[in-house]
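Trainee: Give me a model of this one.
(2 chains)
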Protein chains: 2
Amino acid sequence: MARATQERAVRTREAILQAAAEVLDENGFAGASITKIAERAGSTTGALYFHFKSKEGIALAVMRAQPDTIVPRLSSVGLQRLVDITLVWCWRLQRDPLLRAGVRLSVEQGAFGLQDDTSFREWAGIMEECLAEARAEGDLLDSVDATEVAEFVVGACTGTQLHSQLMSGRSDLPERVLRMWRFLLPGIASPEAVSRIKLDLERGRVG
Amino acid sequence: MARATQERAVRTREAILQAAAEVLDENGFAGASITKIAERAGSTTGALYFHFKSKEGIALAVMRAQPDTIVPRLSSVGLQRLVDITLVWCWRLQRDPLLRAGVRLSVEQGAFGLQDDTSFREWAGIMEECLAEARAEGDLLDSVDATEVAEFVVGACTGTQLHSQLMSGRSDLPERVLRMWRFLLPGIASPEAVSRIKLDLERGRVG
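Mentor: Numbers count the residues shown, from 1 in each chain, chains lettered A, B, ... in the order given. Just a heads-up that it's a prediction; the model follows:
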């Protein structure tokens, strides 16, 4: 009985998070009311306050859920995994309201008084792990610092998606990110790795 | 007499723009009232509406003023000029409220219902001119498209400054942008140009 209650609570939290992402993706932070989110989730505002305390709490949870929408879908390792993360990210940004709202809030958060770098740190940490594998394989140039590359890729992807969103509603985002890798790989990877790494948009389509 | 009136109008507009930038930089769009801006400018709300029509009008003018805070300060050409633009940009972002407010609004504009890509297009155009000079000098790799590089640099700088702002209040921005060039140059420039281009933070300090 206690377990069933707990499972129900987890499901309720997930339903609220998904509904909140949809409403935040469509309306931004200012336009997303607690009532609207509860309505979309088929829940009560009481349940919403129970799970997230405030609208800021929901926004933080949505921002921090980003990696969970990508990482479980990956199978490659090392430098190819790093490239694949960004390709899956592009593909899912076009399709997944939870990821889209997370990215939108991360970019716009200053406008509603938040200053949360958690998702930036998490992404950089995940990418750094890929680069540690790449280093062990001899795929990374000796002159290159894995942490610095990881942080650069996070920032470059964030800005590229904002640019793409303004210019094309994100429809050209995958091509823009592929170009980033074409420009970037020769400065960070061994020539052998540059010729081996697959830069193929199809790799982003993992459901 | 008509000329004196015109000059006074230009000065008033500039004073309002500068005051608006300070208030927007400190408070963001939502927290910047027309009254507060007029007060800071030592002007009237009437003058403000005369010159800019609305708060959105002021925000657009601030966003679009970005290149004017950088370009007149440059003396180099070609690829070095492109690098220098980004270094001056970092230096002035730490010091110039007009540039800082322009960048902040460009990033956060979705939160208050704007979708203006003018400053992105202008920056990309300015950078493309540098890259055309670089191409004429043989500094750019044949495989590389100047427009694509320019657009990538605009996006990468935008995201890098957001990342730096969250992580260090922009104090590490110049180092982050220098690293971008170290990673990026081998993939876009001739080996000779890579070794010639000066990556030196001091180049950003142009007043």
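Trainee: Please make it C-alpha for all contacts and neighbour counts, starting now.
Mentor: OK.
Trainee: can you tell me how far the spatially most central residue of chain A sits from chain B?
Mentor: Residue closest to the mean C-alpha point of chain A, counted by Cα atoms, centre = their mean, is A:Gln66 at 3.8 Å. Using Cα to the nearest Cα, to the nearest Å, A:Gln66 is found at 16 Å from chain B.
Trainee: Please look at that residue and A:Ser119 and confirm they touch.
Mentor: Yes: applying Cα atoms under 8 Å, one finds A:Gln66 in contact with A:Ser119, separated by 7.2 Å.
Trainee: phi, psi of A:Leu140?
Mentor: Taking degrees, to the nearest 10, you get phi -100, psi 140 for the backbone angles of A:Leu140.
Trainee: neighbours of it, just the number please.
Mentor: If you count neighbours by other Cα atoms under 10 Å in any protein chain shown, A:Leu140 ends up with 26.
Trainee: wait, does the longest helix anywhere in chain A make contact with chain B?
Mentor: Assignment by DSSP state H gives helix A:2-31 as the longest helix of chain A. Yes: Helix A:2-31 reaches chain B (Cα under 8 Å from any Cα of the partner chain) through A:28-30.
Trainee: which parts of that helix are buried?
Mentor: Of all the residues in helix A:2-31, those buried under the rule 16 or more other Cα atoms under 10 Å in any protein chain shown are A:12-13, A:15-25, A:27-29.
Trainee: Over to stretch A:94-101?
Mentor: A:96-101.
Trainee: I'd like to know which of the residues you listed is nearest to chain B.
Mentor: Chain B lies nearest to A:Ala101 out of these, by Cα to the nearest Cα, at 11.8 Å.
Trainee: so what's that closest one closest to, chain neighbours aside?
Mentor: Distances taken as Cα to Cα, 6 or more residues apart in numbering or on different chains place A:Asp25 nearest to A:Ala101, at 4.5 Å, with adjacent residues excluded.
Trainee: Which helix or strand in chain A has the lowest average pLDDT?
Mentor: Lowest on mean pLDDT, DSSP states H and E among the helices and strands of chain A sits helix A:2-31, with a mean of 93.
Trainee: any residues touching the following helix or strand past that helix, and which ones?
Mentor: Using DSSP states H and E, the next helix or strand after helix A:2-31 towards the C-terminus is helix A:34-41. The contact list for helix A:34-41, computed with Cα atoms under 8 Å, 6 or more residues apart in numbering or on different chains, reads A:15-16, A:18-20, A:23, A:44-45, A:48, A:55.
Trainee: can you list these in a markdown table and add distance to B:Asp145?
Mentor: Listed next are the contacts of helix A:34-41 as a markdown table, based on distance: Cα to Cα, whole Å:
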| residue | distance to B:Asp145 |
| --- | --- |
| A:Ala15 | 45 |
| A:Ile16 | 45 |
| A:Gln18 | 40 |
| A:Ala19 | 42 |
| A:Ala20 | 41 |
| A:Val23 | 39 |
| A:Thr44 | 53 |
| A:Thr45 | 52 |
| A:Leu48 | 50 |
| A:Lys55 | 44 |
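Trainee: Relative to chain B, which of those residues is nearest.
Mentor: For these, the nearest to chain B is A:Val23 (13.4 Å; Cα to the nearest Cα).
Trainee: Let me see the domain layout of chain A.
Mentor: A:2-61, A:66-204 (automatic domain parsing).
Trainee: Could you look over those and pick the most buried one?
Mentor: domain A:66-204 (a mean of 19; mean count of other Cα atoms under 10 Å in any protein chain shown).
Trainee: Now do the end-to-end distance for it.
Mentor: By Cα to Cα, to the nearest Å, the extent of domain A:66-204 from end to end equals 16 Å.
Trainee: what's the closest of the domains of chain A to B:Phe183?
Mentor: Among those, domain A:66-204 comes nearest to B:Phe183, with 4.6 Å by Cα to Cα.
Trainee: Average pLDDT for that closest one, rounded please.
Mentor: Averaging pLDDT along domain A:66-204 gives 96.
Trainee: How far away from the center of its chain is it?
Mentor: Offset of domain A:66-204 from its chain centre (Cα atoms, centre = their mean, to the nearest Å): 9 Å.
Trainee: where does chain A come near chain B, residue by residue?
Mentor: A:28-30, A:107-112, A:115-117, A:120, A:148-149, A:152, A:154-163, A:166-167, A:176, A:179-180, A:182-188.
Trainee: Quick one: residues contacting the residue nearest to A:Ala101.
Mentor: Counting by Cα under 8 Å, 6+ apart, A:Asp25 makes contact with A:97-98, A:100-101, A:104.
Trainee: ok, now A:Gly138?
Mentor: Per Cα under 8 Å, 6+ apart, neighbours of A:Gly138: A:Ser190.
Trainee: which stretch of helix or strand covers it?
Mentor: If you go by DSSP H and E, A:Gly138 is not part of any helix or strand.
Trainee: how close does it sit to chain B?
Mentor: Distance from A:Gly138 to chain B, by Cα to the nearest Cα: 17 Å.
Trainee: distance of that residue from A:Asp84?
Mentor: From A:Gly138 to A:Asp84 the distance is 19 Å (Cα to Cα).
Trainee: repeat for A:Ala101
Mentor: 21 Å.
Trainee: can you map out the helices along chain A?
Mentor: A:2-31, A:34-41, A:45-52, A:55-64, A:78-93, A:97-108, A:118-136, A:146-168, A:173-188, A:191-196.
Trainee: Let's have those helices in JSON lines, adding distance to B:Ile37.
Mentor: Output for these, formatted as JSON lines (distance: least, Cα to Cα, whole Å):
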{"stretch": "helix A:2-31", "distance to B:Ile37": "22"}
{"stretch": "helix A:34-41", "distance to B:Ile37": "32"}
{"stretch": "helix A:45-52", "distance to B:Ile37": "36"}
{"stretch": "helix A:55-64", "distance to B:Ile37": "28"}
{"stretch": "helix A:78-93", "distance to B:Ile37": "37"}
{"stretch": "helix A:97-108", "distance to B:Ile37": "22"}
{"stretch": "helix A:118-136", "distance to B:Ile37": "33"}
{"stretch": "helix A:146-168", "distance to B:Ile37": "28"}
{"stretch": "helix A:173-188", "distance to B:Ile37": "37"}
{"stretch": "helix A:191-196", "distance to B:Ile37": "52"}
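Trainee: Tell me the predicted confidence for A:Gly207.
Mentor: pLDDT, A:Gly207: 64.
Trainee: before we move on, back to that, which single one of the residues of helix A:2-31 next to chain B is nearest to chain B?
Mentor: Among the residues of helix A:2-31 next to chain B, and counting by Cα to the nearest Cα, the member closest to chain B is A:Gly28, at 5.9 Å.
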